[in-house]
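>>> Sequence and computational prediction follow.
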Amino acid sequence: MLNTSDRYGDYLLIDRQEALIASLRAQPLVVVLRPEYDDLEASSHRSALFTMLEQLHVAGVRHVELAWSPHPGWMSLMRQVQDCFADFCLGAASVSSPEALHAASELGLAYAMTPCWDPALDEQARQMQQVLIPGLFSPTEIQQACRCGCRLVKLFPASVLGIDYLRQLAGPMDYLPFVIAAGGLTVSDLNPWFDAGYDAIALGRGLVQQGQLDPALQSYLKTSTSTD
């Protein structure tokens, strides 16, 4: 029998997932960045990564993920980002181990994302009340994740699955969670993929063109903000 503390933890996790869904509905875009070695050093606040983060902040991006790294400087880097960019809804990408999951929880990150479905890691996240968004590929994985209480999922790699994948799923499956398309997409894919029914889209470091934020993203953000 589920005890009272277990029920409280489940309700808390549901609330945290719903809060993230609400934030993503307001701006259905996630920017995923991978820190380089220089970014993870003590002087990272002067690094190219922080320059990129400043540009994203000025452009009005809300949801940013930094990929997990076992480098000892990763925690320090994340705390610097939290201090400098408190407006970000910050997450951890590429979380595929208990060590990475515990780091995300210790930092109090809004969420973490996995590259693939891992039931054991999902259970650990549930016990910690840490929002963990699984990377899924097949209908079976989507069904398993939903049965485990996942209200948000990441379809990955989206460019391989194709823009019509969600439509094909919607027919035979009676329920679909909040779906984030990730992997191989660009700014030009945003509107077509949203029109195809995807709830949010994750874009990677390809947004950086010669050290500058892709102007197409800035145009998209201005347009989407003006139409809200």
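Alright, I've got the coordinates.

>>> Neighbours of the spatially closest residue to Ala181 that is not a sequence neighbour, how many?
For Ala181, ignoring the flanking residues on the chain, the nearest one in space by CB to CB, 6 or more residues apart in numbering is Ala158 at 3.9 Å. Any C-beta I mention is one placed from the backbone N, CA and C, and that applies to glycine too. For Ala158, the count of nearby residues is 23 (other CB atoms under 10 Å).

>>> next one: Leu166
The tally of other residues near Leu166 (other CB under 10 Å) stands at 19.

>>> Surely it and Tyr198 touch.
Yes. With contact defined as CB atoms under 8 Å, Leu166 reaches Tyr198; the gap is 5.9 Å.

>>> returning to that earlier point: show me the contacts for the residue nearest to Ala181.
Neighbouring residues of Ala158 by CB atoms under 8 Å, 6 or more residues apart in numbering: 165, 181-185, 193, 198, 201.

>>> rerun at 6 Å
181-183, 185 (CB atoms under 6 Å, 6 or more residues apart in numbering).

>>> Equivalent analysis for Trp74, please.
Contacts of Trp74 by CB under 6 Å, 6+ apart: none found.

>>> how much space is there between it and Ala26?
28 Å (CB to CB, to the nearest Å).

>>> now Gln17
Distance from Gln17 to Ala26, by CB to CB: 15 Å.

>>> Output the longest helix belonging to the chain.
Ordering each helix of the chain by length in residues (DSSP state H) puts helix 4-26 first.

>>> Arg7: how many residues sit nearby?
If we define neighbours as other CB under 10 Å, then Arg7 has 10 of them.

>>> Quick check: which ranges of the chain have low pLDDT?
For the chain, the stretches with pLDDT under 70 are 1-6, 8, 42-46, 225-228.

>>> try 80 this time
Within the chain, the segments meeting pLDDT under 80 span 1-9, 42-46, 205-206, 208-211, 225-228.

>>> Could you pull out the strands in it for me?
Using DSSP state E, the strands of the chain run over 29-33, 63-67, 89-93, 111-113, 132-133, 135-136, 152-155, 178-182, 200-203, 208-209, 212-213.

>>> list the contacts for Ser47?
When contacts are counted by CB under 6 Å, 6+ apart, Ser47 touches 38-39.

>>> one step back: measure the residue nearest to Ala181 to Ile201 for me?
Distance of Ala158 to Ile201, given as CB to CB: 8 Å.

>>> what is in contact with the two at once?
181, 185.

>>> Leaving out chain neighbours, which residue sits closest to Leu217?
Using CB to CB, 6+ apart and skipping residues adjacent in sequence, the residue nearest Leu217 is Val187, 5.0 Å away.

>>> What are the buried residues along the longest helix of the chain?
By 16 or more other CB atoms under 10 Å, the buried positions in helix 4-26 come out as 9, 13, 16-17, 20-21, 23-24.
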